[in-house]
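K.L.:
Sequence and predicted model, in that order:
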Amino acid sequence: RYSVEPDAEVPHSKSRGSHLRVHFKHCREIVHHIQGMPAGKANKFLEDVLERKAIVPFTKYTGGIGRKAMAKQCNAPGDKG
């Protein structure tokens with residue numbers, strides 16, 4: 001089911017979903033931003049996004065997405081956000 005099986009001694013997490021009502025491009029940008037963060041920091045970031053205190057900067061799929069001033073928090077360029 002997964003392309004790579006991670007090492008057992010390294011703490012890690014795997015997830016998988018099907019028939020989810022969410023866009024693939026949004027999922028990609030969220031995961032790209034929180035990848036490598038400690039779990040607590042990533043969880044707090046996602047809670048802040050739900051409370052509209054933080055923003056997920058879009059880096060690849062930027063067509064049709066507006067510019068947001070909150071993207072400065074993540075050191076994103078002006079047209080990403």
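P.N.:
Nice, I can see it.
K.L.:
Could you use CA atoms for every contact and neighbour count after this?
P.N.:
OK.
K.L.:
what about Lys72, distance to Leu50?
P.N.:
Lys72 is 18 Å from Leu50, where distance means C-alpha to C-alpha, to the nearest Å.
K.L.:
Spatially nearest residue to Phe45, not counting backbone neighbours?
P.N.:
Ala54 (7.1 Å; C-alpha to C-alpha, 6 or more residues apart in numbering).
K.L.:
quick revisit: between Lys72 and Leu50, tell me which one has more neighbours.
P.N.:
Lys72 (15 against 11; other C-alpha atoms under 10 Å).
K.L.:
Report the contact partners of Lys53.
P.N.:
For Lys53, the contact set (C-alpha atoms under 8 Å, 6 or more residues apart in numbering) is empty.
K.L.:
And it, how close does it get to Met70?
P.N.:
Taking C-alpha to C-alpha, one finds Lys53 at 8 Å from Met70.
K.L.:
What's the first helix or strand after the helix or strand of the chain with the lowest mean pLDDT?
P.N.:
In the chain, no helix or strand scores lower on mean pLDDT, DSSP states H and E than helix 24-34, which sits at a mean of 87. Sequence-wise, the next helix or strand downstream of helix 24-34 (DSSP states H and E) is helix 39-50.
K.L.:
Identify the residues contacting that following helix?
P.N.:
Contacts for helix 39-50 (C-alpha under 8 Å, 6+ apart): 34, 54-56.
K.L.:
Much appreciated, bye for now.
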